[in-house]
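Peer 1: how would this look folded up:
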Amino acid sequence: MRWALVKVCLAVTTMVVVAFAVPLGLVIKEMARDRAFSNAEREAAVVVPALSITTDRDQLERVVASAGSDDGMAVHLPASDGRAAVDLGRQRAADADIAAVRKLGRASTTEVAGGSALLQPVALSLGTVVIEVYVPESEVSNGVGTAWAVLAAVGAALVVGSVAVADRLGVRMVQPARRLVEGAHELGEGKLGARVPEEGPNELRLAAVAFNSMADQVVQLLANERELAADLSHRLRTPLTVLRLNAASLGESPAAEQTRTAVAQLEREVDTIIRTAREAKPQTAAAGPGAGCDAAEVVRERMAFWSALAEDEGRKVRTAGVDRPVRIPVARTDLAAALDALLGNVFRHTPEGTALAVDVHNGEDAVIVLVSDAGPGIADPEAAMARGRGSGAAGSTGLGLDIVRRLAESTGGDVRIGSSVLGGTEVRLWIQLDGREPVRRGHRGAVRRRRRALVGRS
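Peer 2: Sure, this is the predicted structure:
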């Protein structure tokens, strides 16, 4: 918009300058010509009194010499009383032109070599005398070039000045619009404190006011949702307390111990939900440079938790890639929740005895966590990724996979469902390490290419 305004102003100013400068330049040229011929007429008028007094050749030659310079004047006396015509000075005009002026009795100009000649008739007793004054071309155009140069400089200054003014006006309009766009991007990326200055033209100022009001409402709505989530989670404390008391009375059997462990874990998760809901930002978004967790450690911890249940159900469990630290920009609790969601799906939707595996691949710019099983697989992976739809099986809501997807996309990665080497389902969690922007819909091709390259290196 800024450059468009500058271009329009440049075009308009140029047209105005041309519209005024060209006629003014022609007028200056005509004025210089009139000035030159006016001077010639004054020189001719100096000779007229002498012609009315005498026609003596010697005296007239002295008058002509004193009136003209550089042979610039000539006097043409007609023949009279048996005396031949006399031409004093240097004649430049043609005889025909002189005769025509003498006959018509009107002053005239004619083109001669090197310029023009003014032919001025003077009626005397002996006849009509024609005074010829030479006007060189340099005198006709004297000062015209300088005047045109001044006009050109003034026109150029006007154009430059108008462009500078238009540029400043464009900046005044573009900067508020640019700040509005940047604020919208920041708000879309989850920076809820993004606001824009309410300045600039009236329309942009009103847009900034509306944007800030919208951002305040978004913050308020999110705060209300967090409070609601915290309140709803808090309601689970009462049944959890009853469940913990009942579990305490089950004795010391392995099943009772597992039940008590599960109840304790559930209480911790409810506490985490309440704390997270009350925070201004999600824990994943709060993880900055140097923050995050060791993915290998979290995988070992969660697999140790699920291994007890897997042993009861006769499932073979395998882990790989967790023998060395793998740092990722994700909060520990968020990664644990995502792994629990994926492993819980395996236990919930596959028969007892189905093998499962968790593999961690550490690359230069991303970490891939693969959760595989040997179950029947998922018939429609795209539908399973849709929030609230799930795999279509009984008890599947799809919220677990949505938690995993949001965790991956918060780092710029994504989640894919495919077929595993075990024969069942493979959920591939791609966690980006280089701090890129979150993946947007319609840009999955680049993610697939980076994923294939990373798996090839692993």
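Peer 1: do you have the strands of this structure handy? List them.
Peer 2: 73-77, 86-89, 108-112, 115-124, 127-136, 293-294, 317-320, 327-328, 356-362, 366-373, 414-419, 425-432 (DSSP state E).
Peer 1: format these as TSV; extra columns: mean pLDDT and mean neighbour count.
Peer 2: All C-beta atoms are positioned from the backbone trio N, CA, C, and that covers glycine. Conversion of the strands of the chain to TSV gives the following (pLDDT from 0 to 100; neighbours: other Cβ atoms under 10 Å):
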stretch	mean pLDDT	mean neighbour count
strand 73-77	82	24
strand 86-89	76	18
strand 108-112	86	16
strand 115-124	85	19
strand 127-136	85	22
strand 293-294	90	18
strand 317-320	93	14
strand 327-328	91	20
strand 356-362	93	21
strand 366-373	93	23
strand 414-419	90	18
strand 425-432	92	24
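Peer 1: mind putting these into a markdown table with distance to Gln59?
Peer 2: Shown next, in a markdown table, are the strands of the chain (distance: least, Cβ to Cβ, whole Å):
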| stretch | distance to Gln59 |
| --- | --- |
| strand 73-77 | 11 |
| strand 86-89 | 10 |
| strand 108-112 | 27 |
| strand 115-124 | 14 |
| strand 127-136 | 14 |
| strand 293-294 | 121 |
| strand 317-320 | 129 |
| strand 327-328 | 117 |
| strand 356-362 | 119 |
| strand 366-373 | 113 |
| strand 414-419 | 113 |
| strand 425-432 | 110 |
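Peer 1: those: which one's closest to Pro197?
Peer 2: Nearest of the strands of the chain to Pro197, taken as Cβ to Cβ: strand 425-432 at 32.9 Å.
Peer 1: coming back round to it: relative to Asn224, which of the strands of the chain is closest?
Peer 2: Evaluated over these, closeness to Asn224 peaks at strand 414-419, with 28.9 Å, by Cβ to Cβ.
Peer 1: before we move on, the earlier item: ok, which of the strands of the chain comes nearest Val263?
Peer 2: Of the strands of the chain, nearest to Val263 by Cβ to Cβ is strand 317-320, at 22.9 Å.
Peer 1: list the buried residues for stretch 175-191?
Peer 2: Pro176, Ala177, Arg179, Leu180, Gly183, Glu186, Leu187 (16 or more other Cβ atoms under 10 Å).
Peer 1: report the contact partners of the fifth one.
Peer 2: Which is Gly183. By Cβ atoms under 8 Å, 6 or more residues apart in numbering, Gly183 lies in contact with Ala194, Arg195, Val196, Phe211, Ala215.
Peer 1: list buried residues within these.
Peer 2: Using 16+ other Cβ under 10 Å, the buried members of those are Ala194, Val196, Phe211, Ala215.
Peer 1: between those residues, which is closest to Ala374?
Peer 2: Relative to Ala374, the closest of those is Ala194; by Cβ to Cβ it sits at 47.5 Å.
Peer 1: other residues contacting stretch 298-312?
Peer 2: Contacting residues not belonging to stretch 298-312 are listed as 258, 261, 265, 316-317, 319, 322, 332, 335-336, 339-340, 343, 347, 356, 358, 360, 369 [Cβ under 8 Å, 6+ apart].
Peer 1: same question for stretch 75-92.
Peer 2: For stretch 75-92, the external contacting residues (Cβ under 8 Å, 6+ apart) are 47, 51, 55, 57, 60-61, 64, 68, 71, 73-74, 98, 102, 112-113, 117, 126-132, 134.
Peer 1: what do you get if the cut-off is 7 Å, keeping everything else the same?
Peer 2: 47, 55, 57, 60-61, 64, 68, 71, 73-74, 98, 102, 112-113, 117, 126-132, 134 (Cβ atoms under 7 Å, 6 or more residues apart in numbering).
Peer 1: gap between it and the chain center?
Peer 2: 83 Å (Cα atoms, centre = their mean, to the nearest Å).
Peer 1: follow-up on the earlier one: in helices, which of the buried residues of stretch 175-191 fall?
Peer 2: Pro176, Ala177, Arg179, Leu180, Gly183, Glu186, Leu187 (DSSP state H).
Peer 1: for the last one, which non-adjacent residue is closest in space?
Peer 2: Nearest residue to Leu187, sequence neighbours excluded (Cβ to Cβ, 6 or more residues apart in numbering): Ala194, at 4.7 Å.
Peer 1: what's near enough to touch the one you found?
Peer 2: Going by Cβ under 7 Å, 6+ apart, the list of residues near Ala194 reads Gly183, Glu186, Leu187, Ala215.
Peer 1: mind redoing it with 6 Å?
Peer 2: Contacts of Ala194 were listed using Cβ atoms under 6 Å, 6 or more residues apart in numbering, and they are Gly183, Glu186, Leu187.
Peer 1: before we move on, back to that, now the contacts of Gly183 in TSV, with distance to Ala164 and pLDDT?
Peer 2: Formatted as TSV, the contacts of Gly183 follow (distance: Cβ to Cβ, whole Å; pLDDT from 0 to 100):
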residue	distance to Ala164	pLDDT
Ala194	33	84
Arg195	32	86
Val196	27	87
Phe211	31	88
Ala215	35	87
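Peer 1: nearest to Ala93 among those residues?
Peer 2: Val196 (79.7 Å).
Peer 1: measure the residue nearest to the closest one when sequence neighbours are not counted to Val218 for me?
Peer 2: Excluding its sequence neighbours, the residue lying closest to Val196 (Cβ to Cβ, 6+ apart) is Gly183, at 4.1 Å. Counting by Cβ to Cβ, to the nearest Å, the gap from Gly183 to Val218 is 12 Å.
Peer 1: ok, now Leu429?
Peer 2: Look at Leu429 and Val218: by Cβ to Cβ, they are 29 Å apart.
Peer 1: repeat that for Phe347.
Peer 2: If you measure Phe347 against Val218 using Cβ to Cβ, the figure is 38 Å.
Peer 1: again, but for Met173
Peer 2: Distance from Met173 to Val218, by Cβ to Cβ: 27 Å.
Peer 1: those two: which has the busier surroundings?
Peer 2: Higher neighbour count among Met173 and Val218: Met173, with 17 against 13, using other Cβ atoms under 10 Å.
Peer 1: so who does the more buried one touch?
Peer 2: Contact analysis of Met173 by Cβ under 6 Å, 6+ apart lists Pro201.
Peer 1: before we move on, what about the one 4 residues further on?
Peer 2: With contacts defined as Cβ under 6 Å, 6+ apart, the neighbours of Ala177 are Leu204.
Peer 1: now Val17: closest residue in space, sequence neighbours ignored.
Peer 2: Once flanking residues are discounted, Val17 sits nearest to Gly155: 4.0 Å by Cβ to Cβ, 6+ apart.
Peer 1: quick check, nearest of the buried ones among the contacts of Gly183 to Ala19?
Peer 2: Val196 (41.9 Å).
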